[in-house]
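A.B. asks: predicted coordinates and the sequence they were generated for:
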Amino acid sequence: PPMARTYDEIDEHLRAWIARQPMFFVGSAPLAGDGHINVSPKGPGGTLRVLGPRRVAYLDYVGSGAETIAHVRENGRVVVMFCAFR
């Protein structure tokens, strides 16, 4: 089986699965090649909502810095990753 899957849209099956997850990760990076990539764990469960097939929102609690929002403001790109822990 594949190690990872990507999806173009969030269907009802994925929406229900996402709602059951205790945590997720957000990844971002600056445009500059010498900048820092940031991957942050997020949670607890219930802090992310699926708003539509290609739109989500999450509560971003302050952590060790503000790199994610700085990257999003710079280039508008962010990755949300869920893990199926077994």
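C.D. replies: Good, I have the coordinates.

A.B. asks: list the contacts for residue 71?
C.D. replies: 28, 29, 30, 38, 77, 78 (Cβ atoms under 8 Å, 6 or more residues apart in numbering). (Glycine included, C-beta is placed from N, CA and C.)

A.B. asks: break down the chain into its strands, ranges please.
C.D. replies: 24-28, 38-42, 48-52, 55-58, 79-81 (DSSP state E).

A.B. asks: of all those strands, which lies closest to residue 13?
C.D. replies: Nearest to residue 13, of all the strands of the chain, is strand 48-52, at 11.5 Å by Cβ to Cβ.

A.B. asks: so what are the sheet partners of that closest one and their directions?
C.D. replies: Sheet pairing for strand 48-52, assigned by DSSP bridges, gives strand 55-58 (antiparallel).

A.B. asks: remind me which residues of the chain are low pLDDT?
C.D. replies: Across the chain, the ranges flagged by pLDDT under 70 are 1, 62-65, 86.

A.B. asks: next, name the residue at the spatial heart of it.
C.D. replies: Centroid-nearest residue in the chain: residue 80, 2.0 Å away (criterion: Cα atoms, centre = their mean).

A.B. asks: returning to what we had before: can I get the strands of the chain in TSV including distance to residue 2?
C.D. replies: TSV is the format used below for the strands of the chain (distance: least, Cβ to Cβ, whole Å):
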stretch	distance to residue 2
strand 24-28	18
strand 38-42	20
strand 48-52	22
strand 55-58	22
strand 79-81	14
